[in-house]
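Trainee: Sequence and computational prediction follow.
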Amino acid sequence: MDTLQNMRVFTRVIEAGSFTAAAQSMNSTTGAMSRAVSELEAHLRARLMNRSTRRLSLTSAGERYLKRVRQILADIDGAEEEASCAHEHPAGTLRMFSYASVGQHYILPAIAKYRALHPDVKVELTLSQRMPDLFEGTSDVAVVSASALSDSEVISHKLGATFSILCASPEYIRLRGAPGEPADLAAHDCLTLQTPAFPAREWTLEGPEGRETLEISGPVQVNIAESLAVAIREGMGIGMLPLYAAIEGLRNGSLVRVLPRHTLQRTNLYALYPSRKFVDAKTRTWVEFLRAHLPEVIARDEALLAEVGLEYTASEIAMPASKSRRAGARMSH
């Protein structure tokens, strides 16, 4: 019996959720997967999982065994990478995780630049709003946004910091007017974004008068920033968007900034990876690349926000036509 291979099969079956899916991912057969797990159980004299036609579930012995097996397999992979000089030359498959919006706006463009430098690295990127357990071995590196990190055994590197702003569509502002101060938001439809980093229905604004926290209610809540941007563009209300999700709409005029003297929910971006003895070259160089690259991209977005000159946009849209023309004449001089 190949115990190590059977351990890999057992782990893959649990990760895939079925023998069939595991067989497809390992280019094998369902029968071979089932036999491998049965051999392992016979060897251990313990039932590791409960099987039914609809689902698989771990026994208590299986849960304990899976945790140890994952660590063993991670150590073996690390040792093999060390012995094969993977710590010197970036190569192989780099499994990444990122929150969805951060991944689309920052990580995917960064991958293109990174692979131009390291073409021997292939990338598997998973986008989700749920943080993975890095010690399960399904991801090598995670990029997340958070106001701060809790103490954990993972290695973390701060990649930069960004913030959110309030936006609306030009049509919404024409119909409902622009709030002049945070308290005016109570009279508006506020669209909320559910993220792992902050409560959806609580906005903390930072402006000239300091910090102010508001309880928000509104007709629509989503969990992806890009979806919220669509709702805002459709005129459903005022929403809080991360700068990276708002900048393109501000540039093309489909969004306008509301309360331009205020920012919200300042957040940090972190790269996380398991605390292992051996960090391979692809993981190390990817994190080093992000630490150099992302601050430049964030600074570019902040410069674009200043460049588009949105400080007057929302209020001017809400002005009567004659006042708006006078304001434009003053600005031209």
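Mentor: Okay, I see it.
Trainee: List the buried residues of stretch 213-220.
Mentor: Buried residues in stretch 213-220, defined by neighbour count with 16 or more other CB atoms under 10 Å: 216, 218, 220. Placement of C-beta: from N, CA and C, glycine included.
Trainee: Present these as JSON lines; the columns should include distance to G180.
Mentor: Formatted as JSON lines, those follow (distance: CB to CB, whole Å):
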{"residue": "I216", "distance to G180": "17"}
{"residue": "G218", "distance to G180": "19"}
{"residue": "V220", "distance to G180": "24"}
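Trainee: just the residues you listed: which has the poorest pLDDT?
Mentor: Among the buried residues of stretch 213-220, G218 carries the weakest pLDDT, at 83.
Trainee: just curious, which of the buried residues of stretch 213-220 is nearest to P109?
Mentor: Of all the buried residues of stretch 213-220, V220 has the smallest distance to P109: 28.6 Å, by CB to CB.
Trainee: Quick check, the closest one in contact with G235.
Mentor: No - the criterion here is CB atoms under 8 Å, and V220 misses it with G235 at 11.4 Å.
Trainee: in the sheet, who's paired with G92?
Mentor: V121 (DSSP bridges).
Trainee: Make 59 the first number, not 1, from now on.
Mentor: Yes, from this point I'll number from 59; that puts the last item at G150.
Trainee: Tell me how far it lies from G136.
Mentor: 12 Å (CB to CB, to the nearest Å).
Trainee: Overlap of the contact sets of these two?
Mentor: Listed as contacting both G150 and G136 by CB atoms under 8 Å, 6 or more residues apart in numbering are D338.
Trainee: Show me the strands in the chain, by range?
Mentor: With DSSP state E as the criterion, the chain has strands at 107-109, 114-116, 150-157, 179-186, 199-204, 213-226, 248-251, 260-265, 268-273, 279-280, 296-300, 314-316, 321-331.
Trainee: now those in a markdown table, with mean pLDDT and distance to V95?
Mentor: Output for these, formatted as a markdown table (pLDDT from 0 to 100; distance: least, CB to CB, whole Å):
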| stretch | mean pLDDT | distance to V95 |
| --- | --- | --- |
| strand 107-109 | 88 | 7 |
| strand 114-116 | 89 | 10 |
| strand 150-157 | 90 | 24 |
| strand 179-186 | 91 | 25 |
| strand 199-204 | 88 | 29 |
| strand 213-226 | 93 | 33 |
| strand 248-251 | 92 | 42 |
| strand 260-265 | 91 | 47 |
| strand 268-273 | 90 | 51 |
| strand 279-280 | 90 | 40 |
| strand 296-300 | 94 | 44 |
| strand 314-316 | 95 | 56 |
| strand 321-331 | 91 | 29 |
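Trainee: looking at those strands, which is buried most?
Mentor: strand 296-300 (a mean of 27; mean count of other CB atoms under 10 Å).
Trainee: Other residues contacting that one?
Mentor: 159, 203, 220-226, 230, 237, 243, 246-251, 261, 283, 286-287, 289-290, 313, 316, 322-323, 325.
Trainee: rewinding a little: okay if I get the strands of the chain as CSV plus distance to I72?
Mentor: CSV is the format used below for these (distance: least, CB to CB, whole Å):
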stretch, distance to I72
strand 107-109, 7
strand 114-116, 7
strand 150-157, 17
strand 179-186, 17
strand 199-204, 20
strand 213-226, 25
strand 248-251, 33
strand 260-265, 37
strand 268-273, 42
strand 279-280, 31
strand 296-300, 34
strand 314-316, 47
strand 321-331, 22
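Trainee: Tell me which of those sits nearest to A79.
Mentor: Once these are compared by CB to CB, strand 114-116 is nearest, at 10.4 Å.
Trainee: Fine by me, we can end here.
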